[in-house]
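Participant: take this sequence and fold it.
(one chain, ligands or ions: 1)
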Amino acid sequence: MHPNDPSQISRRKVLTAGASLGCAWVLLRGTGEAGGVLLQAKGGTKMPFTQPPLPYALNALVPYLSEEQMQFHYGRHHAAYFRNLNALVEGKPEAEMTLREVVKRSSGSVFNNAGQAWNHTFYWHCMSPSGGGEPKGELAAAIERDFGSFQQFRKAFSDAAVTLFGSGWAWLAADADGRLSIMALSNADTPLRYDKEPILTIDVWEHAYYIDYRNERGRFVEGFWTVVNWDFALARYKQRNQPEW
Ligand SMILES: [Fe+2]
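Facilitator: I've put the predicted structure just below:
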């Protein structure tokens, strides 16, 4: 079921953020084991999709996220999405596509696992042990233009992440012309399915925080701002029309 299917529109609830926020809006939609090691099928066949290495050590985000939390999230959950995806696409046309193409073009279980594989890889880069602070350059200017101020953006993004019902992701996304929006999307859904380019995301599936924060999603989201990787987000914004991701 493609999210751009008009039949899905009624399942979306679009909240306009008000005149003070310009054109910014919030979309609510119901709807390794070892990094860097090439996965091998039985018999030694190369698997089409490989979980990339974590861009920092498992304990690099302490005290925000413990090593145990990262071990489960990266080493178990993220790894499993790659493993499942490889099993699902074996011998199928999707095995010849890039992961981004699979995310944009697939449905059902293939989409769920491809989306989660792509989203998590993107998410790890949205955090950094040297992160925090405020956005810079043209991304800072766009945030101010589209949300009124960085503080207003931060509150709107946090609210979207905390109030998303069930499992999913809060995203900052850009149109081709650079207009920004916050999207709260369920399960494996991603701005790529709406022809928008992801700029920043936080995973609010319970598996992302339960070991460290139990059911306190609000504290988990608040802590995200201490590690947020604005350099990565700025690079994604600048390359939105020729994405490397
Ligand atoms: Fe996750």
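Participant: which SSE is immediately downstream of the longest helix along the chain?
Facilitator: Ranked by number of residues, the top helix in the chain under DSSP state H is helix 108-125. Next along the chain after helix 108-125, taking DSSP states H and E as the criterion, comes helix 137-147.
Participant: picking up where we left off before, buried stuff in the longest helix of the chain?
Facilitator: 110-125 (16 or more other C-beta atoms under 10 Å). Every residue, glycine included, has its C-beta placed from N, CA and C.
Participant: out of those residues, which comes closest to the ion?
Facilitator: residue 120 (5.5 Å; C-beta to the ion).
Participant: list the residues that contact that closest one.
Facilitator: Taking C-beta atoms under 8 Å, 6 or more residues apart in numbering, we find residue 120 in contact with 73, 74, 77, 78, 81, 203.
Participant: could you export the residues you listed as CSV, including neighbour count and secondary structure?
Facilitator: Below are those laid out as CSV (neighbours: other C-beta atoms under 10 Å; DSSP: H, G, I helix; E, B strand; the rest coil):
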residue, neighbour count, secondary structure
73, 24, helix
74, 21, helix
77, 15, helix
78, 27, helix
81, 22, helix
203, 25, strand
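Participant: closest one of those residues to the ion?
Facilitator: Set against the ion, the nearest of those by C-beta to the ion is residue 203 (4.2 Å).
Participant: hmm, the closest one is touching residue 122, no?
Facilitator: No: Residue 203 is beyond contact range of residue 122, at 9.7 Å (criterion: C-beta atoms under 8 Å).
Participant: for the chain, give me the ranges with low pLDDT.
Facilitator: Within the chain, the segments meeting pLDDT under 70 span 1-46.
Participant: can you list the residues of it near the ion?
Facilitator: 203, 205, 208 (C-beta under 5 Å from the ion).
Participant: buried residues of stretch 158-165, list them for me.
Facilitator: By 16+ other C-beta under 10 Å, the buried positions in stretch 158-165 come out as 158, 159, 160, 161, 162, 164.
Participant: with secondary structure as extra columns, can I get those in JSON lines?
Facilitator: Output for the buried residues of stretch 158-165, formatted as JSON lines (DSSP: H, G, I helix; E, B strand; the rest coil):
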{"residue": "158", "secondary structure": "helix"}
{"residue": "159", "secondary structure": "helix"}
{"residue": "160", "secondary structure": "helix"}
{"residue": "161", "secondary structure": "helix"}
{"residue": "162", "secondary structure": "helix"}
{"residue": "164", "secondary structure": "coil"}
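Participant: let me have the residues you listed in TSV, adding distance to residue 199 as columns.
Facilitator: Converted to TSV, those look like this (distance: C-beta to C-beta, whole Å):
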residue	distance to residue 199
158	16
159	18
160	14
161	14
162	19
164	17
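Participant: hang on, the earlier thing: among the buried residues of helix 108-125, which one lies nearest to residue 218?
Facilitator: Distance to residue 218, by C-beta to C-beta, is smallest for residue 123 among the buried residues of helix 108-125, at 18.5 Å.
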